[in-house]
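K.L.:
predicted model, plus sequence, below.
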Amino acid sequence: MSAAIELGTPLSTARRLSLQRRVRWIVAATISYNVIEAIVAISAGTIASSTALVGFGLDSIVEVLSAAAVAWQFAGRDPEARERTALKVIAVSFFGLALYVTVDAVLALTGIREPEHSAVGIILAAVSLAVMPFLSLLERHTGKELVSASAIADSKQTLVCSYLSAAVLIGLLLSTFFGWTWADPVAGLVVVVFAVREGLEAWRGDACKQPVSALTGEREVDTCACC
């Protein structure tokens, strides 16, 4: 495994297989929703020159990559053997998102790009804010019982999508109703903060042996022993 774990009551084979199937269903639902979300957000963001909305769409692509990595992991006979690779994919996708959104936000803040109103973006962000927390909570609960660092990391990526939904929604509303065009790129930079933080956590989960309780934030992270 990529993380040392504190063993509790061992799971029966039947229960473990059931949880693994649940993870596959969760990531399948996450991928399906985020593919649609990415297409709508990037299209609407491009039309409105919205940094936050385009970044939000790219985050949906990151979520697809993250969920796909977990799906690939649990499609194998030994999911634990694939966990380190899955975590690395999740981390790299976060960093790629952060780089793009940073550049795009700078262009907007310097006046090279000016966001316009986007009713579609507002509706999309609101819907995502309602859907993503549910998927995150379900996967997190399943990952904790299964003791899977990658499933927990992916659930946190989904939760980040919820935070970004709120940030994008606020940015678009401020830009639309108050004309605060700076609010959109600033909301885009919120994407960067969350992406870098979660990317680093995923990478540390890949590079070091951490207890799962540390990855979930339930205890302090001890000094790790790098693999």
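P.N.:
Noted; the coordinates are in hand.
K.L.:
which residues of the protein fall in helices?
P.N.:
13-48, 51-75, 83-109, 119-146, 149-178, 183-207, 212-215 (DSSP state H).
K.L.:
return the most buried member of these.
P.N.:
Of all those, helix 51-75 has the most neighbours on average by mean count of other C-beta atoms under 10 Å, namely a mean of 26. Just so you know, the C-beta spots here come from the backbone N, C-alpha and C atoms, and that holds for glycine as well.
K.L.:
between helix 13-48 and that one, find me the angle.
P.N.:
160 degrees (axes from the mean of the first three to the mean of the last three C-alpha atoms, to 10 degrees).
K.L.:
coming back round to it: in JSON lines: the helices of the chain, plus mean pLDDT.
P.N.:
Listed next are these as JSON lines, based on pLDDT from 0 to 100:
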{"stretch": "helix 13-48", "mean pLDDT": "85"}
{"stretch": "helix 51-75", "mean pLDDT": "78"}
{"stretch": "helix 83-109", "mean pLDDT": "79"}
{"stretch": "helix 119-146", "mean pLDDT": "86"}
{"stretch": "helix 149-178", "mean pLDDT": "79"}
{"stretch": "helix 183-207", "mean pLDDT": "75"}
{"stretch": "helix 212-215", "mean pLDDT": "37"}
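K.L.:
which residue packs closest to the residue nearest the centre of the chain, ignoring adjacent ones?
P.N.:
By C-alpha atoms, centre = their mean, the chain has its centre lying nearest to residue 157, at 2.3 Å. Among residues not flanking residue 157 along the chain, residue 66 sits closest, at 4.7 Å (C-beta to C-beta, 6 or more residues apart in numbering).
K.L.:
before we move on, what about residue 100?
P.N.:
In space, and not counting its chain neighbours, residue 100 is closest to residue 58: 5.9 Å by C-beta to C-beta, 6+ apart.
K.L.:
now for that neighbour: which residues touch it?
P.N.:
By C-beta atoms under 8 Å, 6 or more residues apart in numbering, the residues touching residue 58 are 38, 42, 97, 100-101.
K.L.:
kindly recompute the last result at 10 Å.
P.N.:
When contacts are counted by C-beta atoms under 10 Å, 6 or more residues apart in numbering, residue 58 touches 38, 41-42, 45, 93, 96-98, 100-101, 104, 191, 195.
K.L.:
cool, residue 89 as well?
P.N.:
65-66, 68-70, 72-73, 150, 202, 206.
K.L.:
could you rerun that using 8 Å?
P.N.:
Counting by C-beta under 8 Å, 6+ apart, residue 89 has contacts 65-66, 69.
K.L.:
what's next to stretch 61-77, contact-wise?
P.N.:
With C-beta under 8 Å, 6+ apart as the test, stretch 61-77 has contacts from 20, 23-24, 27-28, 30-31, 34-35, 38, 79, 82-83, 85-87, 89-90, 93-94, 96-97, 150-151, 153-154, 157-158, 161, 195.
K.L.:
so residue 33 is in contact with residue 134, correct?
P.N.:
No: with contact defined as C-beta atoms under 8 Å, residue 33 and residue 134 do not form a contacting pair (10.7 Å).
K.L.:
could you check how far the residue nearest to residue 121 when sequence neighbours are not counted is from residue 171?
P.N.:
Among residues not flanking residue 121 along the chain, residue 53 sits closest, at 4.4 Å (C-beta to C-beta, 6+ apart). Distance of residue 53 to residue 171, computed by C-beta to C-beta, to the nearest Å: 8 Å.
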